[in-house]
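Student: Sequence and predicted structure are below.
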Amino acid sequence: MLYVIKRLFREEFNSLLFMNLIVAALCIPVVTIGPALLALTGTLVKIVDDRCELNRLKEFWSLFKSKFWHGILFEILFAAYAFILLWSQSLALRLEDGGDFVLILTLIMTVLSAVVSVSVMAILASVKAPFGQSLWNGVLMALGRFPRALLSAVCVYGMIYIGILLYPISIVPIVIIMISVTAVLSLACIWPALDELVLSEAEE
């Protein structure tokens, strides 16, 4: 975990700044958020795994193109699931009998989906595999290495919450470095599981 943080922040800080600016710009059209985040995560994985192009931005754009449709599918799935969870919460608040049960169940599913989402994104960004297979492997990795996946999810969604809480002050750090910092922390938390269960198997 510390190796990933030290490696990326010490040796790749300038690259993190440039990629953060690009991802922030690609978030404006909304539809390219998924591909941009996959490209950022994939580039970080390749840097840590010593498989990245010396030109980090060239690697980023290459991954953005190759992961584009997986990123779109991930974004659609994420949005659809978020809508279902919000609808379930709204339904629970309107129910008189059983409302508390539905609310608790919705909360549990929200936490699980957040944990699974970071694992799925890491796998989608790291290896070439069908979307369905990556999704299933992400679920298995999240459940099999739950503490690490949970910590990774806390980093991601905690930073998102901080950004929302401090809006509009947070706009500047988000554009400059916050997206890259979040990606680094998330990857650092889940790296041992990703390396052991996904990258080592892919190499074989």
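Tutor: Received, thanks. Residues are numbered from 1 along each chain as shown.

Student: Show me what counts as buried in whichever strand or helix holds Leu143.
Tutor: For Leu143, the element it lies in under DSSP states H and E is helix 131-144. Residues Ser134, Leu135, Asn137, Gly138, Val139, Met141, Ala142 are the ones in helix 131-144 that count as buried (16 or more other C-beta atoms under 10 Å). All C-beta spots, glycine's among them, are computed from the backbone N, C-alpha and C.

Student: how many neighbours does the residue nearest to Asn20 when sequence neighbours are not counted have?
Tutor: Closest residue in space to Asn20, ignoring its immediate chain neighbours: Ser180 at 4.1 Å, by C-beta to C-beta, 6 or more residues apart in numbering. Other residues near Ser180 number 24, with proximity taken as other C-beta atoms under 10 Å.

Student: Off-centre distance for the strand or helix carrying Ser180?
Tutor: Using DSSP H and E, Ser180 sits in helix 179-194. The chain centre lies 8 Å from the centre of helix 179-194; the measure is C-alpha atoms, centre = their mean, to the nearest Å.

Student: Packing partners of that helix?
Tutor: helix 2-6, helix 13-26, helix 33-48, helix 99-126, helix 131-144, helix 146-165 (3 or more C-beta pairs under 8 Å, 6 or more residues apart in numbering; DSSP states H and E).

Student: Turn these into a markdown table, including distance to Trp191.
Tutor: Listed next are the helices and strands packed on helix 179-194 as a markdown table, based on distance: least, C-beta to C-beta, whole Å:
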| stretch | distance to Trp191 |
| --- | --- |
| helix 2-6 | 5 |
| helix 13-26 | 16 |
| helix 33-48 | 7 |
| helix 99-126 | 9 |
| helix 131-144 | 12 |
| helix 146-165 | 8 |
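
Student: Including mean pLDDT and distance to Phe74, could those helices go into a markdown table?
Tutor: Putting the helices and strands packed on helix 179-194 into a markdown table (pLDDT from 0 to 100; distance: least, C-beta to C-beta, whole Å) gives the following:
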| stretch | mean pLDDT | distance to Phe74 |
| --- | --- | --- |
| helix 2-6 | 90 | 22 |
| helix 13-26 | 96 | 14 |
| helix 33-48 | 97 | 5 |
| helix 99-126 | 94 | 6 |
| helix 131-144 | 95 | 8 |
| helix 146-165 | 96 | 14 |
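
Student: right, so of the ones you listed, which gets closest to Ile176?
Tutor: Between Ile176 and the helices and strands packed on helix 179-194, the tightest spacing by C-beta to C-beta is seen for helix 13-26, at 6.5 Å.

Student: State the pLDDT value of Glu203.
Tutor: Model confidence at Glu203, given as pLDDT, is 56.
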